[in-house]
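*Asks:* From the sequence below, what's the structure:
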Amino acid sequence: MGKITVETCDIEGLKIITPTVFGDERGYFMETYNYNDYKAAGIDMEFVQDNQSASKKGVLRGLHFQINYPQDKLVRVVSGEVFDVAVDLRPGSKTYGKWFGVLLSAENKKQFFIPKNFAHGFIVLSDYAEFAYKCTDFYHPNDEGGLAWNDPDIGVEWPIPEGMELTISEKDQKWGGIKELKK
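*Replies:* Okay, here's the model as predicted:
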């Protein structure tokens with residue numbers, strides 16, 4: 001025990017996890033996941049799929065969610081730095097439509113736990129970033145939903161430095177706003 005520190009967030013269910021890092025002149029060692037430690041922290045999940053992506057500076061991915069097969073996600077950055085965002089889409093939640101963001105980097109080694117029924121996205125702030133995440137359900141290509149990254153009704157405050165050119169996929173440019181989900 002004591003291998004991770006867990007911070008709760010303003011939105012119930014979201015958690016920031018900081019692992020204990022053991023370092024010396026050779027480098028460092030850390031456990032990126034240990035079922036017993038996470039279960040003790042209230043994250044008792046069976047992860048069934050690991051994903052990893054690489055992106056260059058200015059890439060904005062999201063905001064994505066799964067419609068019929070929602071996934072809990074445990075995300076982290078392997079190299080580089082991203083600003084990671086989760087938007088509460090849980091029906092009946094007192095924080096529905098609210099967002100929370102956290103800086104994840106290879107340097108700070110923080111992880112972000114995002115429960116089911118949240119939209120998720122991130123922007124790459126470093127020249128290059130590798131992003132890894134564990135999921136509690138398999139990817140179903142025809143089950144993806146999304147929200148506009150710049151929906152004013154959500155109001156995510158993306159830390160976009162002046163002069164940064166965004167790279168957003170064609171698909172991510174077509175998502176609608178949160179008001180359209182309530183229909």
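*Asks:* who touches the single longest helix found in the chain?
*Replies:* Secondary structure of the chain per DSSP state H: the longest helix is helix 35-40. Outside of helix 35-40, the residues within contact range by Cβ atoms under 8 Å, 6 or more residues apart in numbering are M1, K3, I4, I17, E31, D44, M45, L74. (Glycine included, C-beta is placed from N, CA and C.)
*Asks:* what does stretch 56-69 give?
*Replies:* The contact list for stretch 56-69, computed with Cβ under 8 Å, 6+ apart, reads 53, 55, 85, 87, 89, 117-128, 137-138, 140, 143-149, 154, 156, 158, 164-169, 172, 175.
*Asks:* hmm, back to that, would a markdown table of the contacts of helix 35-40 with pLDDT, secondary structure and distance to Y38 be doable?
*Replies:* What follows is the contacts of helix 35-40, written out as a markdown table (pLDDT from 0 to 100; DSSP: H, G, I helix; E, B strand; the rest coil; distance: Cβ to Cβ, whole Å):
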| residue | pLDDT | secondary structure | distance to Y38 |
| --- | --- | --- | --- |
| M1 | 42 | coil | 11 |
| K3 | 87 | coil | 10 |
| I4 | 94 | strand | 7 |
| I17 | 97 | strand | 8 |
| E31 | 91 | coil | 10 |
| D44 | 96 | coil | 7 |
| M45 | 94 | coil | 7 |
| L74 | 98 | strand | 8 |
